[in-house]
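Novice: attaching a predicted model along with its sequence, questions to come.
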Amino acid sequence: MQKKKYERPSIKKIESDMPNKFGMRSEYQPMTHIDGVAVKDIIKNYGSPVFVISEKTIRKTFKDAMRAFTTRYPKVQYAWSYKTNYLSAVCNVFHQEGSWAEVVSRFEYDKAIGNGVPANKIIFNGPDKTRKDLEKAIKNQSLIHIDHLDEYYTILEIAEMTNIRPQVAIRVNMDTGIYPMWDRFGFNYENGQAWDALNKIMMSKKMDLVGLHCHIGTYMMTAEPYGVAAAKLADLAVGLQQKYNHYIKYIDMGGGFASKNTLKGAFLPGSDTNPSFDDYAEKITSAIINSNISPEHIPFLFLESGRAMIDDAGYLIGTVIANKRSSTGKRTTILNIGVNILFTSFWYQHKITPAQEFTHHTENTMIYGPLCMNIDVIRENVELPLLNAGDNVVIHQVGAYNMTQWMQFITLRPYVVMVSEKAEISVIRKGETMSSISDYEVIPQHLKDFKL
Amino acid sequence: MRGNSNIKLITVSILLSYSQIFFSDKLLFGLLLLVVSFFNLSAGLAGIISIIASNGVAFLMGINKQKIVAGTYGFNSLLVGLGLGIYFKFGLVLFLILIFASLLTFFMTLLFEGWLGKYKLPFLSLSFLFGIWIVSIASRQFTSLEINEYGIFIYNDISRNFSLNILKLHLYISDLGIPLSLKVYFNSLGAIFFQYNIYAGVVIAIGLLFTSRISFMLSLLGFYSAFFYYKIVGADFTELSYSYIGFNFILTAIAVGGFFVIPSVYSFLWVILLTPLISFLISGSVAVLGLFNLSTFSLPFNVVVILFLYALEFREKHFNRPQLVSVQNFSPEKNLYSFHNFKNRFGDKPLIPIALPFFGSWKINQAHQGEYTHKGKWRHAWDFVIVDDDSEFSNRGNNVSDYHCYNKAIIAAADGIVEEIDDGISDNILGEVNLIQNWGNTIVIKHSPWLYSQLSHIKAGSFQVAKGDIIKKGQLLAYVGNSGRSPAPHLHFQLQATPFVGSETINYPIANYLLESKESNSLKINSIPSENQIVQNIQVETSLKKAFGFIPGQEIFIKSEFEELSWKVEIDYFNNTYLYCDKSNSFAFFVKSDNQLTFTGFKGEKKSLLFKFYLAAYQVIFAFHTGITVEDVLPANTLRKSLNSVLQDFIAPFYIYIKPKFKLNYISKESYFDDSKIMLQSTFIQSKFRTYAFEFQIDEKGIKEWQIEFGNKKMIYYFNKE
C-alpha cells in the first residue's frame, strides 16, 4: 500500500449566502501525464522547470482551424507566424501540415529559409525591412507586404536596378469598430492611403501586386471586426479588378485570433467566451464570398494566426519551492517558474494544475516565481489544492510567445521537449548551460584578473 | 500535289461505293468487290462507269463532298450499272443509257434520303430498285441495245473467255462435294453482284470475313435460318430461282443483326424472326412484279429492314433490347465495342456533371435507400453532415449551433436557374421534427429540362439568391439549418427530373469527388457515394485545366527530335469536339467539363501520334490529390488485331472479355497559388508483353513535355499551344 500523501491543514470560511452559478468548490483532476507521458518522468530526465509541446495538439488544432475555413471557402492557406514560436521543430510541424511561413525580420526570414521553406512561400511582414533584406527577398521572389511608402520606394529602386519583378502586397489598416484601432502598420483604408498605394504599385508596372494584407488586432474577443476587414479588403480587390482588370492572388487576413486563455480581469473563463475558429471563419469567408469578386477569380484566403494555433499545445512544468503566508495571512506559494520564462503571465490568468493526486480541499493562493524581483508574480489569486514543497505543477496554454519572448534573466532558460503523436519525447531545445551565456562574453585583458 | 489528292479522293469514292453494299467503309474490301464485279467484264465496266457518273454529278451539283467520298451516292448507281451491264452488251448505247440511268438513280437516292432521313431511316438500295425497274422497262423499246448472252451458257463462256483447263478445274470443283446449301450460300452472295457462280461468292465471303467477323456470322445466320425455314414450310431453298433472291436474307441479317442495331443476342434473334417476313415479301413481290416481267431484286430486304427500324423507333426510350446504333462507325464490331464502352463509362444518360453542394469534407449519414427517410420515391438522396473525431457537434451538442455543419455554406452543384425557393420555416429544437413542412426551407435548381437538384433543411432567411436567378456552379446559395423534418442540422441533397419541391428522386451520379479514408483518399468518377463515407469535391488545378482543357480553334504544336506536327481542336455540327491530325487524317473525340477531359472515341490511323495521345490522356481529372488514380477501360478494338481479338469479334455480341486498361497516376505536384508543376504518369496495357508508359510534365502554361515509353524505345515530345 502506498503511503498516504500528507496535506497540510487549512482553514476555510464557510460561505453561507446563496449558492451562485459558479458552484461551491473547484473540481479538477491532477495532470499526471501529457499525451501519455508521465510528468514525473519528464522532470526526471529534463529537469524542472521544463516546457512541453504536444505535437498531437498542434496537428489537431491545425486541422480544426483548417476545417473551419475549408468547409466555408475553397482556397485556404495558412502561414505560420514565426514570432509566435519559432522553435524549428514547432515550425516544421506546421510546415508538414502545409503552412507557409510568415516572418517579420531578417532573423526570422533566415530561420524559415534554414528550415527549408521555399523562399517564394515566405511572407515578409513588418515595418523593419532593410534595403539588404528587401534585396534578398526580391531576389528570392518572397512575398513582401509593404508597410510604408519608404519601403515601396526602396523596392521600386531595387526592381529598377535588378530587373526582377518583386512580388508585393500591401498591409492595410482600417477602422473595424474595435478599440484601440491598429493604425501604425500599413496604409489606412478610410483616408485613401491604401488605394493610393495600390495605384502607385499598379502604375509603376515594375512589381507584381499579388495580395492584400491586414492584421486588425490581437487577442480579438469578437469575430465581427474580421468580417468588416475582409469586406474592406474585398472592396479593394474589386477596385483593382475594375480599374486595372487585375486579379490579386490572395487576401491575407493576418492573425489575432484569441486562444482559450483567460485574460487578466476577465469575468468568465476564456474557453467559454473567446470566439472559436468557426466564428472567425464564418465572418471572414462570408464577407469575401458575398463580395463582388468574380467567383472564377476568387483569391486564396491566407491566415497568419499564431497564438490560437499553438497556445493549447504548450505546457510548462515546474516545482513548488516553498509555501509561506503573507503579512495579511494569505497563502503564497513559490514556484521555480518565473516571469522570465512565463512572459504571458503578465496578460493571462494561466490555468495551473498539480501534477499529483490531491484532495478536493483548496485554498486561495498567490503564486510567486523564483526571481528576486517584486514583479515576479505568476498568479495573484488562484484556488489551488494544498501543495507541498517539491510537488509539481503544470501550467497550461503557454505555447504562444513564451518561447520567443522569454529572457535569460537570473536563471538559465530550461529544456523544451516535444511529445510526439506516438508518445515519444524528443528535446527540441536544450536547456541552457553556463557556456550558452559566457561563450558570447569577452573580458578585456586588464579585467581578467583580480584579487579579493 | 492537289491533282494527286483529287485522284486519291475519286479512287476512294469509287472503292467505297463497292464496300457500301456490304455496309462497310473498308477500301480493301471495296477493291475486292470491284475485282469480283469484273468477273464479267461488261458488268464490271458498266458498274464503274455508273459510279463515276453518279458521283460526278453529285460533285458538280455541290452535294456534301464527304458523303460523296464515302460512297453514299455511288452504290445504288453501281448496282443499276451492274444489272444493266449483265443484260446488255457493252457499247456506246449502253454507255449513254448508263450515264442517264445513273443520273436518275442519283436523284432518286436524294429523294429517298430526304424522305426517309426525316424518320431516321436509311434509304438502302431503294433507288437502285426503282432505277433498274424503270430503265429495264424503258429499254425494251431501245432496239439498238444488244442482249448480253454471257452467263446463259456457262461452259461455253468459260472455255471461250479463259481456257479449257479452267473449265476442267470448274468441273472438278463442281464435283468436290461442297454441300448444296453452301453452294447456294455462295451463289447468293455472288448474286448481289449479279454473279451467279460460287467463285464470286467465295471471294466475297472471304472478304466479308476479313472485313467483319460479325457480318460474316450474320450472313450465315441469315442464310441458314432461311434455309431451315424453307425446309419447315416444305419448299426447296436450293432451287435455282431462290439463289437469285437468297441474298435478301443475308443483307437483312447484316443490317438488322449488326449494322443498324448493336449486335447482341436480341439482334440475332430478330434476324431469325424476320426470315418468314422476307419470304412472304419474296413470294408476294415476285408474283406481282412478274406481271411486268420485272425481278424483285432486293425489294424484300429493303422493305423488311425499313419496317423493322421504323418499328423500333416507336419503343419507349429506355427499352434497349436490341439497342439501335446511334453513332454509325460502319462496322458492327466498332459499333458494338464503342457502344458497350460508352455505356459502361457514362451510362445511358447524357451527363451534366454534378458536384457536391458544399465546401470541404462532409460525411454522409444517410445515403440512397437510407434506413430513415430515403425510401420509396425519395430513395435517391443524400444527407450530409460534418464530423470531427466521430462527433457531429462540439460542446455538448445542446444547440443547433453546436453542430459543425450548422450555418455552413451551401453552393450550387452545377450551373442553372433557381426554380423554386421555400423560406420562412424556423429551425427545429434539437430532436424535434416538423412533419407539416417536412422539407423545411428548400431550394430547387434547374440544370437542364430533365435535371433538377433540391437542397433542403436550410436555415430560414439565409438565401443569397432569389427565384429566377441564373447561378453558376459553386455559387453561394444559402446556409445549412435545421428546418423541416430534421432532428439535427444536416443538408439534404437530391436530384430529380421534375421541378417541384419534393419531386421523385432519380438515380444520378456525382461527376467526381474525393472519397476520404484513414489510409488514403481515392477518386470517384460518376459514382454514387454511400452511407458513412466522407467525401469532398476535387480541387481543380488550373495547370491541369490549361494543359488538357482544349478549346475549339486552338492549334497544338508538337515537336520531337525527329518530327514536328500539329493538331487542331475542332468542333463539328453535331457539337462533337475532337483533336484532328491533318497528317494522319485522324480524329480523337473528347468531351470536356470543368473538372475533366474524357476521350470518347478515335477514328483514323492507329500508328499516329494522336492515337498515342488518345491512349495517354484517355481520361484526366483536373485535380491533384496525393495517391489518387484514374482507371478506365478502352473499347476492345483499341488493341491490335490478333488471334485473340478475332476470337473476341466472334463472341462479342454475347460477351466481351477483352478490356484494355488505362491507368493514370498523379505522381508529384509543386504548387504556388494557382500555378502548379505537376507530373502525371499513365499506362495503357496492350498485351502482356506490350505496355505503353506515358509521362506528362505540366506547368502553369500547359503540357511542357510528354514522354512515351514503349518496349525499350523512349520518345520525348514538347508541346506548344496557340
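Specialist: On my side now, so go ahead.
Novice: can you map out the helices along the stretch 251-400 of chain B?
Specialist: For the stretch 251-400 of chain B, the helices defined by DSSP state H, counting those that start in this stretch occupy B:265-290, B:299-312, B:332-346.
Novice: B:Val325: which of these is closest?
Specialist: Checking those against B:Val325 by Cβ to Cβ gives helix B:332-346 as the closest, at 4.9 Å. Placement of C-beta: from N, CA and C, glycine included.
Novice: kindly calculate the angle that the closest one makes with helix B:265-290.
Specialist: 140 degrees (axes from the mean of the first three to the mean of the last three Cα atoms, to 10 degrees).
Novice: from the middle of its chain, how far away would helix B:332-346 be?
Specialist: With Cα atoms, centre = their mean, to the nearest Å as the basis, helix B:332-346 stands 6 Å off its chain's centre.
Novice: for it, what does the pLDDT average out to?
Specialist: Helix B:332-346 comes out with an average pLDDT of 89.
Novice: ditto for stretch B:211-226
Specialist: On average, stretch B:211-226 scores 94.
Novice: and what of stretch B:628-645?
Specialist: For stretch B:628-645, the per-residue pLDDT averages 88.
Novice: end-to-end on it?
Specialist: 31 Å (Cα to Cα, to the nearest Å).
Novice: distance of B:Ser517 from B:Asn720?
Specialist: To B:Asn720, B:Ser517 is 40 Å away according to Cβ to Cβ, to the nearest Å.
Novice: which of these two has more residues huddled nearby?
Specialist: B:Asn720 (14 against 9; other Cβ atoms under 10 Å in any protein chain shown).
Novice: so who does that one touch?
Specialist: Counting by Cβ atoms under 8 Å, 6 or more residues apart in numbering or on different chains, B:Asn720 makes contact with B:556-559.
Novice: just the buried ones from the residues you listed?
Specialist: B:556, B:558 (16 or more other Cβ atoms under 10 Å in any protein chain shown).
Novice: okay, helices next: where are they in chain A?
Specialist: A:39-46, A:55-70, A:88-96, A:106-115, A:131-139, A:149-162, A:193-204, A:224-244, A:270-273, A:277-289, A:307-310, A:402-405, A:434-438 (DSSP state H).
Novice: pLDDT of the first one, averaged?
Specialist: Per-residue confidence for helix A:39-46 averages out to 96 on the pLDDT scale.
Novice: for that helix, packing partners?
Specialist: Here helix A:39-46 is seen to pack against strand A:50-54, strand A:314-325, strand A:392-395, strand A:415-419, strand A:425-429 when contacts are counted using 3 or more Cβ pairs under 8 Å, 6 or more residues apart in numbering or on different chains; DSSP states H and E.
Novice: what's around the residue lying closest to A:Met220 once chain neighbours are set aside, how many residues?
Specialist: Nearest residue to A:Met220 in three dimensions, chain neighbours excluded: A:Gly256, at 4.8 Å (Cβ to Cβ, 6 or more residues apart in numbering or on different chains). The number of residues packed near A:Gly256 is 23, by other Cβ under 10 Å.
Novice: please name the nearest non-neighbouring residue to the residue of chain B found nearest chain A.
Specialist: Per Cβ to the nearest Cβ, B:Gly360 is where chain B lies closest to chain A, at 3.3 Å. Nearest-residue entry for B:Gly360: A:Thr71, 3.3 Å, with adjacent residues in sequence omitted and distances by Cβ to Cβ, 6+ apart.
Novice: hang on, the one you found packs against B:Phe384?
Specialist: No: applying Cβ atoms under 8 Å, one finds A:Thr71 not in contact with B:Phe384, separated by 10.7 Å.
Novice: what residues sit buried inside the lowest-mean-pLDDT helix or strand in chain A?
Specialist: In chain A, no helix or strand scores lower on mean pLDDT, DSSP states H and E than helix A:270-273, which sits at a mean of 86. For helix A:270-273, burial by neighbour count (16+ other Cβ under 10 Å) applies to A:Gly270.
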